[in-house]
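Engineer: What follows is a predicted protein model with its sequence.
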Amino acid sequence: MNIYSNRRQKVLRSLQGNGMALFFSGKAPLRSEDEAYEFSVNRNFYYLTGLQKEDMVLMLLEMDGNTREVLFIQPYDELLARWIGGRMSKEEATEISEIEDVRDLSELDSTVASIYNRSRKDNAFKFFFDFWHYDTDQPKTAAENYAAKLRERYPSAILKDIYPVMTHLRLIKDEYEISCLKKAIHTTNLGIQQMMRSSRPGLNEMAMEGVFNFVLMQSLCRQTSFKTIAASGERATILHYSDNDQVMKDGELFLCDLGATCNNYCADISRTFPVNGRFTQRQREIYEIVLKAQKIVIDNARVGVKVRDLNQMVIDYYRTELPLHGLNKDVSEYYFHSVSHHLGLDTHDVDGGLGAVLEAGMVITDEPGLYIADEGIGIRIEDDLLITGTGAEVLSEEIIKDPDEIEKYMEGQQ
């Protein structure tokens, strides 16, 4: 049994009675004319199948104590193959997912109807969909559209949300997931090293982003975890700055927040270093405060602790430390985001909320920062942590962050 089969079995056990769960891979929307946006597979579908092609549907069914797994895919199209390459064959889909029952997508509606009609004697039969929404204005997902079609056809159908089940499963990473995250982090490190080697006054932030992307391509990584933040000077005080189009100046700091991916698993790393390779006394002073805040999180992240507790530790430390360095405003004026979020198939991965407690196998970020706009100083230092039975393992330990090490490394590249 491969990792995907094992995960599907866990979902099937969660149905607790007669029911059907449907997961949709998704489809890229059109951008203009016949050009579509780049396709990005639904992460829950990928988590259960290992497949990342458009227009696929996974059916997990429990009926009278028996379980079935059915995969619906687009049929092979010879003309399409001549234009853009062939669709995935049933044999290829089975090899990756270990789902033996693979059918044409055109059979989905009739299969669902047949199963539901046979289940009508069971008033408790349920349909499960991933009803996750980030906000109320986002377009309806394939799952929502299909659920609406079922509701119209079968007004008495019971529709349930499978997202909480998927959240529970995805929060705890297995060995394969950890290995993917480590590889993504290693590739990210290669990109950051090249950025440090390339940094100099007069270079555009866009070129720094391009340096990172080039290294990823060299490492056969096609996709970043998110839009790279490459910010110099005062722009580094903007949390999610991503224009990346200004010239870096001598004496400024450069903040990068970025990540490579491996099999859709996301690294999320931030590093801050001087454009010219040397920290000023004031820059180093503020940098050391952030570095200490990050260590507080590393030392205290463990099973049973809440993410909100880690963030409060940083705030309490800043509240005492910042006035000693002439920063007398409220902490929220210099630090206005949380210190951590879960990490995995999404950069801001599924989570149980700030009040949820950490468990062994969870992966979180550790990213304190200080943003002093009137001094043009923005600093964030971010690592990725694996929660273990004894504390926290820094998965990104290889990426240098000590200011002396940064200066030594950059000096050696001049």
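Structural biologist: Sure thing, it's come through.

Engineer: quick check: mean pLDDT across the helix or strand containing F128?
Structural biologist: Assessed by DSSP states H and E, F128 sits inside strand 126-129. Across strand 126-129, pLDDT averages out at 96.

Engineer: Let's see the helix or strand of the chain with the lowest mean pLDDT as PDB, backbone CA atoms only.
Structural biologist: Least confident helix or strand of the chain, by mean pLDDT, DSSP states H and E, is helix 78-84 with a mean of 71. Output of helix 78-84 as PDB, limited to C-alpha atoms (Å, rounded to 0.1, in the frame of the first residue of the first chain):
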ATOM      1  CA  GLU A  78      -5.400  11.700 -30.200                       C
ATOM      2  CA  LEU A  79      -5.800  15.200 -31.700                       C
ATOM      3  CA  LEU A  80      -5.100  16.900 -28.500                       C
ATOM      4  CA  ALA A  81      -2.000  14.800 -28.100                       C
ATOM      5  CA  ARG A  82      -0.600  16.200 -31.400                       C
ATOM      6  CA  TRP A  83      -1.100  19.800 -30.100                       C
ATOM      7  CA  ILE A  84      -0.100  19.800 -26.400                       C
END
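
Engineer: tell me which residues in the strand holding F128 are buried?
Structural biologist: 126-129 (16 or more other CB atoms under 10 Å). Quick note: C-beta positions are derived from backbone N, CA and C, even for glycine.

Engineer: do the same with stretch 125-144
Structural biologist: Quick answer for stretch 125-144 (16+ other CB under 10 Å): 125-130, 132, 141-144.

Engineer: Check stretch 406-414 too.
Structural biologist: 406-407, 409-410.

Engineer: Give me the subset of those lying in helices.
Structural biologist: 406-407, 409-410 (DSSP state H).

Engineer: how about the helices of the protein, start to end?
Structural biologist: For the chain, the helices defined by DSSP H cover 3-15, 43-49, 78-84, 90-97, 108-118, 142-153, 163-171, 175-198, 205-218, 281-300, 307-321, 403-411.

Engineer: can you list those in TSV and add distance to H342?
Structural biologist: Converted to TSV, the helices of the chain look like this (distance: least, CB to CB, whole Å):
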stretch	distance to H342
helix 3-15	17
helix 43-49	13
helix 78-84	36
helix 90-97	25
helix 108-118	32
helix 142-153	22
helix 163-171	7
helix 175-198	12
helix 205-218	23
helix 281-300	14
helix 307-321	8
helix 403-411	28
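
Engineer: Most tightly packed of those helices?
Structural biologist: Mean neighbour counts were taken over the helices of the chain using mean count of other CB atoms under 10 Å, and the top value, a mean of 23, falls to helix 43-49.

Engineer: That one packs against which elements?
Structural biologist: Helix 43-49 sits against helix 3-15, strand 19-24, strand 57-63, helix 163-171, with contacts defined as 3 or more CB pairs under 8 Å, 6 or more residues apart in numbering; DSSP states H and E.

Engineer: could you redo the ones you listed as TSV and give each row distance to G369?
Structural biologist: Shown next, in TSV, are these (distance: least, CB to CB, whole Å):
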stretch	distance to G369
helix 3-15	35
strand 19-24	37
strand 57-63	40
helix 163-171	25
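
Engineer: can these go into JSON lines with extra columns for distance to V211 and mean pLDDT?
Structural biologist: Shown next, in JSON lines, are the helices and strands packed on helix 43-49 (distance: least, CB to CB, whole Å; pLDDT from 0 to 100):
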{"stretch": "helix 3-15", "distance to V211": "34", "mean pLDDT": "95"}
{"stretch": "strand 19-24", "distance to V211": "37", "mean pLDDT": "97"}
{"stretch": "strand 57-63", "distance to V211": "39", "mean pLDDT": "96"}
{"stretch": "helix 163-171", "distance to V211": "32", "mean pLDDT": "95"}
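
Engineer: nearest to H186, of these?
Structural biologist: Proximity to H186 (CB to CB) singles out helix 3-15 among these, at 21.1 Å.

Engineer: Output that closest one as PDB, nothing but the C-alphas.
Structural biologist: Extracted as PDB, the C-alpha positions of helix 3-15 are listed here (Å, rounded to 0.1, in the frame of the first residue of the first chain):
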ATOM      1  CA  ILE A   3       1.200   6.600   0.900                       C
ATOM      2  CA  TYR A   4      -1.800   7.700  -1.100                       C
ATOM      3  CA  SER A   5      -3.700   4.400  -0.500                       C
ATOM      4  CA  ASN A   6      -3.000   4.700   3.200                       C
ATOM      5  CA  ARG A   7      -4.400   8.300   3.300                       C
ATOM      6  CA  ARG A   8      -7.500   7.300   1.400                       C
ATOM      7  CA  GLN A   9      -8.200   4.500   3.900                       C
ATOM      8  CA  LYS A  10      -8.100   7.100   6.700                       C
ATOM      9  CA  VAL A  11     -10.600   9.200   4.900                       C
ATOM     10  CA  LEU A  12     -12.900   6.200   4.300                       C
ATOM     11  CA  ARG A  13     -12.800   5.400   8.000                       C
ATOM     12  CA  SER A  14     -13.900   8.900   8.800                       C
ATOM     13  CA  LEU A  15     -17.100   8.500   6.800                       C
END
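
Engineer: Residues contacting that helix, please?
Structural biologist: 1, 21, 47-50, 58, 60, 62, 67, 69, 96-98, 126, 128, 162, 165-166, 169, 174, 176 (CB atoms under 8 Å, 6 or more residues apart in numbering).

Engineer: nearest residue to I399 other than its sequence neighbours?
Structural biologist: Counting by CB to CB, 6 or more residues apart in numbering, I399 lies nearest to N189, which is 4.6 Å off, once chain neighbours are set aside.

Engineer: Now for the one you found: which residues touch it?
Structural biologist: Shown in contact with N189 (CB under 8 Å, 6+ apart): 269, 396, 398-399.
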